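quick check, what structure comes out for this input:
(chains A and B)
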Amino acid sequence: MSPPATPAAPQPVVLRLDQLEKKPLAGEGNFVWKIPFPGGHEGAAVLKVYYGSRGWPLYAKKTVGNLLLTGRTSQMPRTRYRNEVDCVRLWEQHGFRCFGMHPEVKVEGLPEGGYMVFDWTPGRHFREYFRDASVPLDERLATWRRWVPEWHRRHATAVRLGEPRLIHENGDVKHVMLWQGGFTYFDFEICFRSRNVRDLVGREILAYMRSVGKFFGDEMYERMTDVLVQAYPDKSLLLSAWEHAFRNDNPLIRAARFMDRALKPRHQSRWSKYSVAQDIKQRLDAASLTLNA
Amino acid sequence: MAGATAPPGREPPDPATRAARRAARREARLAAELGRLDGNRLWPVDTPRGRVLQKLYAERGGPLRSRLRDLLARLRGGKSGTRAAARRATERRLLALWRAAGLDVPADLSDEHPDLANARTLVLEYVEGPLLSHALRAAAGDRARRDALLTAFAAATRRRHDLALQRGEPGLVQEHGGVQHVLVSGPPGAERLVTFDLESAFAPRRDLLPLLAKELGATLRSLARAQGRDVDAAVLRADIAAFVRGYGERARLAACAAHYLRPRGLARVLWAVDRALEERAGGEGGKYELMALLQDAVAS
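Numbers count the residues shown, from 1 in each chain, chains lettered A, B, ... in the order given. Next comes the predicted model:
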């Protein structure tokens, strides 16, 4: 009996940075370019270089903050590269589609372990799609209703495995894309390190819903929050959004959040995490049979 | 008890005003709830295998109050813990116990829905149907329907009490008994009476009669409350009579009523104080008055 066939490793491809026609895609931070790539969608790919426009002092300062204060991974370029590669593999292993990677592509002129070539994915960002008035409202809400259970599945998997890397550190509607009838995620350079994954789930839900409010306006936010509470299966996990803002298990963090709410004027705004957390809690309370009895 | 009248100079509010007040109270309650998570939440959840109920057990009151209540409950003894985790564990245990005894309670589906069940929640069978208290209110003028519901409820209660006494199992006595914790499910004539809210249990003891008396006291009070603010004494007497007929075991009911009305030992002092407080508070639909009605119904 012959051994099972293993997929053939892609042939190495070598590109030269100085010969590439580069079209910039990102605003600041990393260098992200659209480059010609035979065999890619529309003959293109994305070259992401983790050594970006920021200087070393800023990377170092952010790294100290990330490691000592905010519980995130390092900002240093090679660490961000490793995190991104690991996260993409982890997410895809659990069935969440990310931009395809091409580690077989070598780019001369860039440091090894400091860049990655990704598939060019000409989908529609959530940020544009949900405010596109040419798409009927019902269709947009149906898309959101279809996405929410997938969102929940990722959260539930993260909690079950105690895996903080399944939580989108930079999670918001800018980093999800509609592509070929499904959803595609990107931007995983930095991850959380905390093992309190429920709290991270709550944090991510608030980040997404805040961005919904900021980008799509009040009316769309209300509708999408209604759908979220209806369609998110595990309501107790959804409640972790409110618990993240108001009921942290750690009394010190809870006290700090209280001070944060009381002292920072920006937290009085409509799209502050506290305001969004209360909106979600209000809907969960209204959906509960106990309070409706 | 019947024909409660408003004090002189105060007209009773019209139904629209009462509804508006109720809505305002509900709004205020929801607004107050926004800042805290007090008590349980019960969320219907649609899954590929049908609708289920996700029950979240949350602490009652703040961290200090919930701990103090639990401490007092433990010091006084007699009941299971009142913290959220203890209530969840008690409910899980009692649901299994009751189902094993053939009693109708929602199925615990937590093992079938690991995505919804966790250390703070249970996943329960979703039982469609009104509360027995609401069904009784809906049948306000229909004596035959009320009798049918109450005799069926009483017969189920009696079967459970029989099992509790046979086995010496206090878990089969409902600590939080009453018609507000029973669902009427299914078509008329083939209804299931499904008991829920089993998150608190009596502790083991040799004599279960005082526990049965407590449950019956709570049940009779729930019957009075099911009528709403204005309790019709004649209807209540007829309800209690129907309950006695359905229960059947009159000697046990009489013993429970006697235990309630003529306590012995130190209980006599405590209950005298309790009774005086109840009478001072108005006494309408109070448990002692209701137990006296039960005693009359058993004797008649």
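
spell out which parts of the stretch 151-293 of chain A neighbour chain B.
The stretch 151-293 of chain A comes close to chain B at residues A:156, A:159-160, A:233-236, A:239, A:242-243, A:246-247, A:278, A:281-282, A:284-291, A:293, as judged by CB under 8 Å from any CB of the partner chain. Bear in mind the C-beta positions are built from the backbone N, C-alpha and C, glycine included.

tell me which entries of those lie within helices.
Under the assignment DSSP state H, these contribute A:156, A:159-160, A:235-236, A:242-243, A:246, A:278, A:281-282, A:284-287, A:289-291 to helices.

for A:Leu67, which non-adjacent residue is closest in space?
Counting by CB to CB, 6 or more residues apart in numbering or on different chains, A:Leu67 lies nearest to A:Ser74, which is 6.3 Å off, once chain neighbours are set aside.

filter the residues of the stretch 151-293 of chain A next to chain B down to the buried ones.
Among these, the ones that count as buried by 16 or more other CB atoms under 10 Å in any protein chain shown are A:156, A:159, A:233-236, A:239, A:242-243, A:246-247, A:278, A:281-282, A:284-285, A:287-288, A:291.

before we move on, the earlier item: now do the contacts for the residue nearest to A:Leu67.
A:63, A:66-67, A:80 (CB atoms under 8 Å, 6 or more residues apart in numbering or on different chains).

tell me the SS of A:Val117?
Assigned by DSSP: H, G, I helix; E, B strand; the rest coil, the conformation of A:Val117 is strand.

distance of it relative to B:Gly81?
Distance, A:Val117 to B:Gly81, by CB to CB, to the nearest Å: 58 Å.

more neighbours: which of the two?
Using other CB atoms under 10 Å in any protein chain shown as the criterion, A:Val117 and B:Gly81 rank with A:Val117 on top: 23 against 18.

separation between the more buried one and A:Glu104?
Distance, A:Val117 to A:Glu104, using CB to CB: 9 Å.

which intervals of the chain have sub-threshold pLDDT?
Chain wasn't specified; assuming chain A. A:1-9, A:27-29, A:53, A:291-293 (pLDDT under 70).

my bad, the chain I had in mind was chain B
Checking chain B against pLDDT under 70 turns up B:1-12, B:26-36, B:281-285.

so which residues of it form helices?
With helices called from DSSP H, chain B shows them at B:15-34, B:63-76, B:84-100, B:132-138, B:143-167, B:209-225, B:233-247, B:250-261, B:266-280, B:287-299.

out of the ones you listed, which is the most enclosed?
Across the helices of chain B, the average number of neighbours (mean count of other CB atoms under 10 Å in any protein chain shown) peaks for helix B:209-225, which reaches a mean of 22.

put the alpha carbons of that helix into CSV.
Extracted in CSV, the C-alpha atoms of helix B:209-225 (Å, rounded to 0.1, in the frame of the first residue of the first chain):
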residue,chain,number,x,y,z
LEU,B,209,-44.0,17.1,57.8
PRO,B,210,-42.9,20.6,58.7
LEU,B,211,-41.4,20.9,55.2
LEU,B,212,-44.6,19.8,53.6
ALA,B,213,-46.5,22.3,55.8
LYS,B,214,-44.2,25.1,54.5
GLU,B,215,-44.7,24.1,50.9
LEU,B,216,-48.4,24.0,51.3
GLY,B,217,-48.4,27.4,53.0
ALA,B,218,-46.5,28.8,50.1
THR,B,219,-48.8,27.1,47.6
LEU,B,220,-52.0,28.5,49.3
ARG,B,221,-50.4,32.0,49.3
SER,B,222,-49.6,31.7,45.6
LEU,B,223,-53.3,30.7,45.0
ALA,B,224,-54.4,33.9,46.7
ARG,B,225,-51.9,36.0,44.8
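
pick out the residue of the stretch 1-150 of chain A closest to chain B.
At 10.3 Å from chain B, A:Pro149 is the closest residue in the stretch 1-150 of chain A, using CB to the nearest CB.

what about that residue, neighbour count?
As a burial measure, A:Pro149 scores 13 neighbours (other CB under 10 Å).

are we agreed that it is in a strand?
No - A:Pro149 is assigned helix when assessed by three-state DSSP, not a strand.

how far away is it from A:Phe183?
Here the distance between A:Pro149 and A:Phe183 works out to 11 Å (CB to CB).

check A:Leu20 too.
30 Å.

name the residue in the two with the higher neighbour count.
A count of neighbours by other CB under 10 Å puts A:Phe183 above the other of A:Leu20 and A:Phe183, at 18 against 15.

give me the phi and psi for that one.
phi -120, psi 140 (degrees, to the nearest 10).

quick check: beta-bridge partners of it?
Applying DSSP bridges to A:Phe183 gives these bridge partners: A:Leu178.

ok, it to A:Glu42 distance?
20 Å.

do B:Val231 as well
Counting by CB to CB, the gap from B:Val231 to A:Glu42 is 77 Å.

same drill for those two, tell me which one is more crowded.
Ranked by neighbour count (other CB under 10 Å), B:Val231 and A:Glu42 place B:Val231 first, with 18 against 11.

do I have it right that that one meets B:Leu223?
No - checked against CB atoms under 8 Å, the pair B:Val231 and B:Leu223 is beyond contact range at 9.5 Å.

A helix includes A:Val14, no?
No - A:Val14: not assigned to a helix; according to three-state DSSP it is strand.

which residues are in contact with residue 241?
I went with chain A, as the question did not name one. Residues near A:Ala241 by CB under 8 Å, 6+ apart: A:201-203, A:205-206, A:209, A:276-277, A:280-281.

wait, I meant chain B there
By CB under 8 Å, 6+ apart, the contact set of B:Ala241 is B:297, B:300.

kindly report the same for the one 5 residues further on.
Applying CB under 8 Å, 6+ apart to B:Gly246 gives the contacts B:150-155, B:158.

6 Å instead, please
B:Gly246 is in contact with B:151, B:154-155, counting by CB atoms under 6 Å, 6 or more residues apart in numbering or on different chains.

and A:Thr121, what helix or strand is that in?
Using DSSP states H and E, A:Thr121 falls within no helix or strand.

okay, domains of chain A per the record?
Taking automatic domain parsing as the criterion, chain A consists of the domains A:13-119, A:124-287.

kindly report the residues of the stretch 51-200 of chain B close to chain A.
Counting by CB under 6 Å from any CB of the partner chain, the stretch 51-200 of chain B comes close to chain A at B:54, B:56, B:115-116, B:120-121.

doesn't B:Glu289 make contact with B:Glu278?
No - using CB atoms under 6 Å, B:Glu278 is not in contact with B:Glu289; the gap is 8.3 Å.

which neighbours do those two share?
Contact with both B:Glu278 and B:Glu289 is made by no residue, according to CB under 6 Å, 6+ apart.

hang on, the earlier thing: now the helices of chain B in CSV, with distance to A:Trp56?
Putting those into CSV (distance: least, CB to CB, whole Å) gives the following:
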stretch, distance to A:Trp56
helix B:15-34, 46
helix B:63-76, 46
helix B:84-100, 49
helix B:132-138, 69
helix B:143-167, 74
helix B:209-225, 71
helix B:233-247, 81
helix B:250-261, 81
helix B:266-280, 75
helix B:287-299, 77
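
A:Met177 is nearest to which of those?
With CB to CB, the closest approach to A:Met177 among the helices of chain B belongs to helix B:15-34: 34.3 Å.

related to what we said a few turns ago, and which of the contacts of A:Ala241 is nearest chain B?
A:Lys281 (5.9 Å).

looking at it, that closest one is touching A:Glu243, isn't it?
No - A:Lys281 lies out of contact with A:Glu243 (CB under 6 Å); the separation is 9.0 Å.

any idea how far A:Pro103 is from the closest residue to B:Leu103 other than its chain neighbours?
Once flanking residues are discounted, B:Leu103 sits nearest to B:Arg160: 5.7 Å by CB to CB, 6+ apart. Note on B:Arg160: its distance to A:Pro103, by CB to CB, is 66 Å.

now B:Asp14
Distance, B:Asp14 to A:Pro103, by CB to CB: 76 Å.

for the stretch 101-250 of chain A, what spans make up the helices?
Per DSSP state H, counting those that start in this stretch, the stretch 101-250 of chain A carries helices over the ranges A:126-129, A:137-161, A:197-231, A:235-238, A:240-246.
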